[in-house]
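**Q** just a sequence and a predicted model for now, questions to come.
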Amino acid sequence: MPHRWGMAADLDRCNGCGACVVACAAENNISTVGAEQAALGRAKHWIRVERYWEGEFPDVRLKFRPVMCQQCDNAPCEPVCPTYASHHTDDGLNAQVYNRCIGTRYCANACPYNVRFFDFFNPSWEKPLQLQLNPDVSLREVGVMEKCTFCVQRIKAVTVQVAAEDRELKDGEITPACVQSCAAKALVFGDLNDPESEVSRLSHSPRGSKLLEDLGTLPKVTYLPRDTEA
Amino acid sequence: MKAIYGLYTHGASAQSAVDRLRAAGVADKDITVLSPEPREDLALSHMHSRTYMWHFACLGGVIGFSAATALAYISETSWPLNVGGLPVVAWWPNLIIMFELTMLGAIVATIITLIVSAGLGVTRRGIYDPEVTSGSILVGVENPPDSSVDAFEQALSAPPGARVKKI
Amino acid sequence: MDRRSFIKLTAITGTSATLASCGNPENALIRFVPDDEIVPGIAVWKPSVCPLCSAGCGLTVRVMDADAEVVRNGQAGVVRIAAAKKLEGGPLHPISQGGLCARGQAAIQVTYHPDRITQPLKRSGTRGDGQYEAITWDAAIAELLSRLDALAAAGNQKALAFATRAGSSHRHALVDQFLARFGAPGPVSFELFGDQVLRRANALSFGREQLPTFDLPNARMAISFGADFLGTWNSPVAQAAGYGQMRKGRPGIRGAFVQVEARMSQTGANADEWVPATPGTEGVLALGLAHAILAANLRPAAAAGRAGTQIDGWAAGLADYAPAAVEKVTGVAASRIERIARDLAERSPAVAMVGGAPLAHTNGLFTALAVNALNALLGSVEQPGGLFFTPRITLADGAAAPAAPSIEQLASGILGGSNAVQVLLVDGSNPVFTTPTAWKVSEALAKIPFIASFGSFLDETSGMADLILPDHSFLESWIEAVPESGSIAAVASVAPPVMRPLHQTRAMPDVLLDVSRRLATPVALPWETFDQMVGATFMKLAPAAAGGDAWGDAQAQGAWSGALPAGLASPPSVTEETPQPVPEPRFDGDAAQYPFHFLPYPSSAFLDGSLAHLPWLQEMPDPITSAMWSSWVEINNTTAERLGIAQGDIIEITSTQGTLRAPAYVSPGLAPDIVAMPVGQGHRMFTRYATGRGQNPVSLIAPLTEASTGAVAWAATRVKIARVGGPDGSLIMFAGGDREHPYEDLGRG
Amino acid sequence: MSTSSPALPASEQVRSDLLRPLLQTSWKFYVLVAFLGAIVVAALAAWVTQMTLGFGISGIRWPVYWGFYVTNFVFWIGISHAGTLISAILRLVNAGWRRPVTRCAEVITAFALIIGAMFPLIHLGRPWLAFWLFPYPSERMIWPNFRSPLVWDFFAINTYLTGSLLFLFLPMLPDFAIVRDRATGMRRRIYGVLALGWRGTPTQWHRLETAMQIMAVAIIPVAVSVHTIVSFDFSMAPVPMWQTTIFGPYFVAGAIFSGIAGLIIAMAILRRVLHLERYLHPVHFQNLGKLMLVMALLWGYFVFNERLVTYYGNGASEMQVFWRTQRLTFAPLYWTMVVCNFVLPLVIMGISRFRTITGCVIASIGVVIGMWLERFLIIVPSLGHKYLPYSFGTYSPQPVEIVITVGTFAAMTLLYVLFAKFVPIISIWELTAVQHPSPALIPPATAEHPLGETHA
């Protein structure tokens, strides 16, 4: 049976620290755009920690929610792409093939989660910052869309290794950068087709819900809301 | 090429010239009529063969439709990628492609039929006189048999206002 | 993407982006033979230690090949090096436990920073203008030696001062030893957001002069008085891990969490209950809770033991702290105090934390002692689910240097002529940026005849140096830390260099050892190299397995943790004095003229500003405001409405110390009489990414200090504010909306 | 059966009037072409700059990834519905008054479509790879994704463009022949080639008219499909206020609406500049104005429908966009649009006293502005306020987009000016043919018979 990668985000553990945001940038060669471009709305954060105020002082609360590509089973971003740059892989990921992308940005419009980012310029790193670049992740040229891949390079590396060693994949063996960095273990990644995996267990939790579930996109990220009992 | 023709400013004269040529034993297919605008009011305008343009247009549509169907089906199945949970061969969206190519086929077939059946090409053949586009109707005969030239000239000169030319 | 296309793509990026591949300047460079044995495309994981804060988290570093442009023997060229690619939390490290905070993730940019100082520099312009010329290491060390030798020759060794960051490591121990043996006072360490007050309180309450470790995984309730323990305070990674466990780590048990603070921090945002108490009265609230527990006979007063005796009136049941009285002082409803108190007593084990702004008032020590007493009353000291003190390793034997003056005393001594400092060495400290203007540190430094800095970057303090001896980055040198907290068992982090130095830099401890040997009168230090010194400690530690080697194991894993052998543990500090209670906080600025409390706070990205040079952190959206590359002033939304201030409007904040202008972030998450501002931006000089960006709120802080420790009372300044203009685009936010359901009632109006 | 209709001059007069612009050139023509050409060159330079420096010089941003370019795309495709669709319908119903109008309408279609079809290229992140949309057999066989509305666009616009160009070109053949016969030298050769050897035999005339009929039949559904598919670009995406079944007819109606407005403006300018008062009568404007009135009502009906359904449905994300357009940031633009598209045409076209040429032009300018705003207001507020408020954003155009937008209006005008210079802007043979109507034909519109009713 093919794998079906999924993630669970326990918002009772997530404290909004933002480590996942920087971890993602470091792993995936996401270029820093600088203040001027950030002001124009060009900052690229494949994962972001959304925060929403609730109530008024003094009965005020702040809600955090990490949002990355939801890797929908019925992904609105995929069919709209004229060149198949955005398509579904056998293991359930919304692949984004940068080389096929011609930059219509239609996928980003169709994505209800706004997790797709456009490369407005060729990426650049002030030397020698480029020495940090991860050779397992391609750089994106100007004019293409990019987005969270669930760190597909890590998935590939481990699955290839597992196949070479002719053994079963262990739950938790693959960790995308955000999951790995999360000190509170708010993010859990794994194979949804493995009923024993932690992510399967959390995805079937009665606490669990999907983001914008009513749109019918069938996301593979499950959110476990913060408990309210004090 | 030899030819004899008359130029007429009035439709009735031209019609009369045609009628006289017919009387002189010229077959309809040998009479050349050129008009500056369509003259549906004159019988001479109806000296054309039946056209199958509508049929060819339909045929073009069918070809376009088939091409679109094949294109969509073959390309989708030869690279069967899942997008957004849609079926690999999704007929509802394909219908749009099929419709557009059907219409394109029909349009292209119409144009081809027009060019072929109306004898349009970059080079001009047959009798022509620039006065046609200045409002005169031309009636004439190409390569008239030498024996009939005089009779034709007579027939063409008879209607009022006729100017007959020989080349 | 395969390697080939990757290399092709990397070739088009960077500063050569505009050049076609055929004209790639890298191709014109000489290729040096690689020094490292590395298999292209194969990643190796090596341990390291995060240097960015004092938490001492262990790292595991992904190392792969990369083509670096280097200068070798004066010849520029390209060499394939083993380069650090990604930092992760050390999975086996007792503090980071596999996790890492955003700042730790960004630490790799310290090594590859484009504005890193690549070789020794000698000042060529006037002081502070950033003009330097390159010199050789021999010349640089000779210059430093001549200065030190001159001091020694004159018998004026006391005129050597050393400014460094607070922390606990062999590096600090080495500096201390060097200074002691040279005959100079101990290092001057200053941290704006330092924790002297809490250390002192813990010494008084528990006999331990250190920060506590919290056993959150076993706690059923936590109450935090201002401690941003998930964000910036103490050991955030370890605490976040514990917090996750407390919330969801035990089937059926979810630890409750209450946060007391006037401005909702990232930590406070996670609380089940957020209690905005009047600034400076948090200790009163803690005692109010204690009173309620005692009054309801939920705990005996004697349970507080020694910590209780530090509090006036404890034995009598804290008669002055009845809920109604506490409500008047703190603004927290009496019923709420009683409810929280009952929860704390019933949800045992419960732990109280204190840190940050509550301790940065003139009565900070009182607040800390009050919370300590509450903890003791709850029975949570050194108990599962409570707080612990990490056993500490004695780092180096030898005479300690005499106590150093505080930076404030140093500055006033220099300016007043009572302390003629001749030579100042600076390592990792930027007091010019982080001290209140009134201390005149900058002016004092300007009077010192010779300043040398070991810094890797030109910042406000390094920029005043006459000589710069750039240090290796932590990935290029031996790196170690002996964390003060974050683990219940003793822990020491250590790792050998991960990669070869990129630039012509030298490790500061080795430079110090070198200098100590080459002085005209050598300073006798018992180590040849720094790793020898570190190794000496580790070889005394117990190996994990019998017959093992603690030093070798520690290097392989990045840390040693376990039970300390007798004699190696630092003894508890014994302090017998009883402090005078100071429950009333003092504030700078008249409340009528300056109606707002000014609350600077360490920014999530930059802490006290020492990380503002890292582009990843500049571009990381702030957890609360989502701001990037910005400074801002947080202001309550009803207050803002009253004053006609809208999001992004420029407001002017004025204290008795000065004035600054910054964009407003309007939020419901702070009390109406507070304006809060993150520290970190506003650098006059700190690399291309931070220079001239935003405002430094430290410039507004009045020089009030906590009464008994002398720590800056950075939360005790009052300010007034005025709108001076509309948005100028300087507030750059990632988020578009602040609320999940905005305008949902618009149609009904 | 009058051969000297009071409405139209005699054939020779027609020919000389309509060929005059081709044969005489004033200095004003060169000035105008140079002026418009300069703007077009500036726009092309802006595009090249955008490709060289990166798309970032535009105002597009996360999450508003479509802005002026797509607005312009929809706008120009909408304008393109002026010609071919109107002229095809009028041809099919044989409305006599169409004759002087059809060509200047069809030219609008052709050029607006070319300009509109440029925008998907301009807005591409990597325009040099645009050919990947074309279903050519590549070695890796990754053909375009036929499930993507952009591929539907590609096919629909190509079909419509092909059809429209041919639809425009076919009736030009006899006119090219006229020019050919009157010109000399190089010009004669060029027009000779363009005339494809047209002679005017009964067969040619008959085939041409049959072909025009087939084309008219074919082009109407294609035109409808084109703008429906353009609307699909939006309605296929789960974006608040986009995903609605009304978008197809709404866009088609809007396209015809703006198309008529564009046509009226073009006709008014032609009438004035080329002195075609004898061919383009107030009655033409009145007829088109009435058509525009109908479309304004239809547009108002669609907008009412769209808004009512959204309001009643009260979906959180839809209401975000709803309020933002009606009361908040975009309200000024929104209400300007309503005034331009509904109030203005209703008042001017609805009151016969105002239905003069000037009145029609004023209403048309309003409609063109209003319909441009409509497309902008469909695109930007929805994209900027999509579900998760954290990701909300706003958009403001940058100079490159404004220059390119202005450039397209200049390009349209330039192409039109050049076309009118080189091709008779009114179909000569169709006008002269009026003087010899077949019994089945309906005479042209006159002052007495504004709709061209059959003479008894």
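**A** Noted; the coordinates are in hand.
**Q** for chain B, what spans make up the helices?
**A** Using DSSP state H, the helices of chain B run over residues B:11-23, B:53-78, B:91-117, B:149-157.
**Q** nearest to chain C: which residue in chain B?
**A** Using CB to the nearest CB, B:Leu81 is the residue of chain B that sits closest to chain C, at 18.9 Å. Glycine gets a C-beta too; all of them are placed from N, C-alpha and C.
**Q** show me what contacts that residue?
**A** Residues near B:Leu81 by CB atoms under 8 Å, 6 or more residues apart in numbering or on different chains: A:Tyr84, A:His87, A:His88, B:Val88, D:Asn145.
**Q** what's the burial count for the third one?
**A** Going back to what we said before, that points to A:His88. 22 (other CB atoms under 10 Å in any protein chain shown).
**Q** wait, C:Leu87 sits on C:Gly104?
**A** Yes: counting by CB atoms under 8 Å, C:Gly104 is a contact partner of C:Leu87 at 6.3 Å.
**Q** overlap in contacts, those two.
**A** Residues touching both C:Leu87 and C:Gly104 by CB under 8 Å, 6+ apart: C:Cys50, C:Leu59.
**Q** how about low-confidence regions in chain A?
**A** A:229-230 (pLDDT under 70).
**Q** and for it, the residue most distant from the center?
**A** In terms of distance from the mean C-alpha position of chain A, A:Pro58 ranks first, at 34.1 Å (CA atoms, centre = their mean).
**Q** and C:Ala563, how far from C:Ser485?
**A** In this view, C:Ala563 and C:Ser485 are 17 Å apart by CB to CB, to the nearest Å.
**Q** export the helices of chain B to TSV and tack on mean pLDDT?
**A** Formatted as TSV, the helices of chain B follow (pLDDT from 0 to 100):
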stretch	mean pLDDT
helix B:11-23	88
helix B:53-78	93
helix B:91-117	94
helix B:149-157	88
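**Q** now C:Leu731. Nearest residue, chain neighbours left out?
**A** Closest residue to C:Leu731 apart from its sequence neighbours, by CB to CB, 6 or more residues apart in numbering or on different chains: C:Pro663 at 3.6 Å.
**Q** alpha carbons of the helix or strand that contains the one you found, as CSV, please.
**A** If you go by DSSP states H and E, C:Pro663 is part of strand C:659-667. Presented in CSV, the C-alpha positions along strand C:659-667 are these (Å, rounded to 0.1, in the frame of the first residue of the first chain):
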residue,chain,number,x,y,z
THR,C,659,11.8,60.6,23.1
LEU,C,660,11.3,58.3,20.1
ARG,C,661,8.9,57.8,17.3
ALA,C,662,7.6,54.5,16.1
PRO,C,663,4.5,53.0,14.5
ALA,C,664,1.6,51.9,16.7
TYR,C,665,0.4,48.3,16.9
VAL,C,666,-3.1,48.6,18.3
SER,C,667,-4.1,45.5,20.2
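**Q** can you map out the strands along chain A?
**A** Taking DSSP state E as the criterion, chain A carries its strands at A:5-10, A:48-54, A:61-67, A:86-88, A:94-96, A:116-118, A:145-147, A:187-191, A:221-224.
**Q** relative to chain B, which of these is closest?
**A** strand A:86-88 (4.0 Å).
**Q** which elements pack onto that closest one?
**A** Counting by 3 or more CB pairs under 8 Å, 6 or more residues apart in numbering or on different chains; DSSP states H and E, the packing neighbours recorded for strand A:86-88 are strand A:94-96.
**Q** the strand it packs on pairs with which strands?
**A** strand A:86-88 (antiparallel) (DSSP bridges).
**Q** and the contacts of the strand it pairs with?
**A** By CB under 8 Å, 6+ apart, the residues outside strand A:86-88 that reach it are A:73, A:75, A:77-78, A:80-81, A:94-97, A:101, A:107, A:145, B:81-85.
**Q** who's in contact with the spatially most central residue of chain B?
**A** The centroid of chain B falls nearest to B:Ala118 when counting by CA atoms, centre = their mean (2.5 Å). Counting by CB under 8 Å, 6+ apart, B:Ala118 makes contact with D:Thr201, D:Thr203, D:Gln204, D:Arg207, D:Leu208.
**Q** got phi/psi on the first one?
**A** Going back to what we said before, that points to D:Thr201. Here is the backbone geometry of D:Thr201 (degrees, to the nearest 10): phi -70, psi 160.
**Q** not counting sequence-adjacent ones, nearest residue to the residue farthest from the centre of chain A?
**A** Closest residue to A:Pro58 apart from its sequence neighbours, by CB to CB, 6+ apart: C:Pro276 at 5.2 Å.
**Q** also C:Gly680?
**A** Nearest non-adjacent residue to C:Gly680, counting by CB to CB, 6+ apart: C:Phe606, 3.0 Å away.
**Q** looking at C:Ala563 and C:Ser485, which is more packed in?
**A** Using other CB under 10 Å as the criterion, C:Ala563 and C:Ser485 rank with C:Ser485 on top: 26 against 11.
**Q** surely that one is in contact with C:Leu211?
**A** Yes: between C:Ser485 and C:Leu211 there is a contact at 4.3 Å, judged by CB under 8 Å.
**Q** which bits of chain D sit near chain C?
**A** Residues of chain D lying close to chain C by CB under 8 Å from any CB of the partner chain are D:311, D:314, D:316, D:319-320, D:323-324, D:327-328, D:384-385, D:389-394.
**Q** tell me how many other residues surround residue 177.
**A** Went with chain A since none was named. Close neighbours of A:Ala177, defined as other CB under 10 Å, add up to 27.
**Q** chain C, not that one
**A** 26.
**Q** beyond the helix or strand hosting it, next helix or strand please.
**A** Using DSSP H and E, C:Gln177 sits within helix C:170-182. Once the chain leaves helix C:170-182, the next helix or strand it forms, by DSSP H and E, is strand C:188-189.
**Q** list the contacts of that next one.
**A** Under the contact criterion CB under 8 Å, 6+ apart, strand C:188-189 has outside partners C:161-167, C:404-407, C:410, C:429.
**Q** now the residues you listed in TSV, with neighbour count?
**A** Below are the contacts of strand C:188-189 laid out as TSV (neighbours: other CB atoms under 10 Å in any protein chain shown):
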residue	neighbour count
C:Ala161	27
C:Phe162	24
C:Ala163	24
C:Thr164	22
C:Arg165	21
C:Ala166	18
C:Gly167	19
C:Ala404	20
C:Pro405	17
C:Ser406	20
C:Ile407	22
C:Leu410	25
C:Ser429	26
